[in-house]
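In: quick one, structure for this:
(2 chains)
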Amino acid sequence: MDLNMNVLVVDDFATMRRILKAILRQIGFTNITEADDGNTALVELQKGKVGLILCDWNMPEMSGLDLLMAVRSNEGLKDIPFVMVTAETKKENIIEAVKAGVSSYIVKPFTAETIGEKLKKVFDG
Amino acid sequence: MMKKHLSSEIYDLVDGRLTSDEIEQLIDLLMRKDKDGIDIDSEVFFRDLAFEMTGQVRELASLIVDFKKDLRSKIHPELTDITVHYIPQVADQLETIIEATEKAANKIMDNLEGMQGEFEKMERIVSSMREGSILVPARTKKEMKVALDSHTGKTVVPLVTFLESHVNNSMSLISDSFIQMSFQDLTGQRIKGLISLFGQIDEKLKKMVISLGIKLTERVKNPHISGDALQRAVEEKATELAGPQKEGKGLDQASIDELLANL
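Out: Model (predicted):
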């Protein structure tokens, strides 16, 4: 896992973005970018430097699932690991996210250990 | 002639608290009873009626009068107070709670980020000591790396181990404190849900007030209106009130004033 990669944190709640950033910093990531909705995230992604996306499901305008589908259908972005960090625990939603190509699924509330373990699995298998 | 006499008797009995129109309606109602076999022309009937009016009927008439007089104070202000004052007040207070917790949460997280930054610096220094040198923080330049001689390097190992453990524990506590701050996300979303619920209740109450007003207005226009006709009137006028006004279709100011006056 390259700790110098740029991680994009997408959540409409500023508090949650800060929490995720703090945990990512503790893990060792130093380049963290934020977006408060799917559309802003797409703008960040177009800059071409993102190596990992941590995204909330429920967001106004463009949901996390919509962003996931947009990423997976874009030739230049489709291989970026996409981790859904959400309070959505309905089985059908998880299945939908998996079908859309989610790399991992972290349920809120989470711990720093969970985030660390899931990211390790995403990158190191 | 008989009707006029009856009207005068009723007027005296209710101490003038019924209008002539209301007395007229009451008499009409009694006249309709004639179909059921009551001899309204009989003087005995009127005496009995007058007698009864001094008791139960008089009380009932008073209740009707009081109710009609107090209708606005009994129904309108309470319902409109809920929709105009109480619900918006509660919504405002909940918004204030969200703002206050958000402000406090942000301040706490500012502090935590500051502490995290300080411990990250300490972590780099401790790591450098483990590798046989010390990163010395400088005010104007970047950190300087000062090599330790092998004896000092060995001597500080227990200190380095202690500091590493201390830094790791502190970082874990900071990280856990960050995670606990997610309460703000959770409560914020739940409170927003409550604000939305209050908005829906507010909307339903407004509809209730409008429905009540339309029913009262229609009932005054036509005291014999059926329940179905009343419901149709409510649906038609409520739609007119809710939708954009088309020329010649919507309620004009006078109609709205009339409606409001009946609330």
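
In: hey, let's count contacts and neighbours off CA atoms from now on
Out: Will do.

In: quickly find the element holding residue B:90.
Out: Using DSSP states H and E, residue B:90 maps to helix B:87-130.

In: three-state assignment of the residue of the stretch 101-250 of chain B found nearest chain A?
Out: Nearest residue of the stretch 101-250 of chain B to chain A: residue B:178, at 5.3 Å (C-alpha to the nearest C-alpha). Judged by DSSP: H, G, I helix; E, B strand; the rest coil, the three-state class of residue B:178 is helix.

In: around chain B, pick out the residues from chain A.
Out: Taking C-alpha under 8 Å from any C-alpha of the partner chain, the part of chain A that reaches chain B is made up of A:13, A:15-16, A:18-19, A:22-23, A:26, A:109-112.

In: so residue A:53 touches residue A:5, yeah?
Out: No: using C-alpha atoms under 8 Å, residue A:53 is not in contact with residue A:5; the gap is 10.8 Å.

In: neighbour count for these two, which is higher?
Out: residue A:53 (25 against 15; other C-alpha atoms under 10 Å in any protein chain shown).

In: so who does that one touch?
Out: A:7-10, A:80-83 (C-alpha atoms under 8 Å, 6 or more residues apart in numbering or on different chains).

In: ok, what's across the strand from it?
Out: residue A:8, residue A:82 (DSSP bridges).

In: where does the residue sitting nearest the centre point of chain A land on pLDDT?
Out: For chain A, the residue nearest the mean C-alpha position is residue A:54 (1.5 Å; C-alpha atoms, centre = their mean). Note on residue A:54: pLDDT of 97.

In: same question for the one 10 residues further on.
Out: Here the pLDDT value assigned to residue A:64 is 94.

In: pull the number of nearby residues for the residue of the stretch 101-250 of chain B closest to chain A.
Out: Neighbourhood size, residue B:178 [other C-alpha under 10 Å]: 26.

In: and residue B:230, by the same measure?
Out: 19.

In: can you tell me the SS state at it?
Out: helix.

In: that one contacts residue B:216, doesn't it?
Out: No: when contacts are counted by C-alpha under 8 Å, residue B:230 is not listed as touching residue B:216 (9.3 Å).

In: pick out the residue of chain A closest to chain B.
Out: The minimum distance from chain A to chain B, using C-alpha to the nearest C-alpha, falls at residue A:19 (5.3 Å).

In: just confirm that residue is within a helix.
Out: Yes: under three-state DSSP, residue A:19 sits within a helix.

In: and the pLDDT for it?
Out: In this model, residue A:19 carries a pLDDT of 91.

In: quick check: closest non-adjacent residue to it.
Out: residue B:178 (5.3 Å; C-alpha to C-alpha, 6 or more residues apart in numbering or on different chains).

In: quick one: contacts for that neighbour?
Out: A:19, A:22-23, B:109, B:112.

In: cool, and residue A:36?
Out: So residue A:36 contacts A:10-14 (C-alpha under 8 Å, 6+ apart).

In: returning to what we had before: which of the residues of chain A next to chain B fall in strands?
Out: Among those, DSSP state E puts none in strands.
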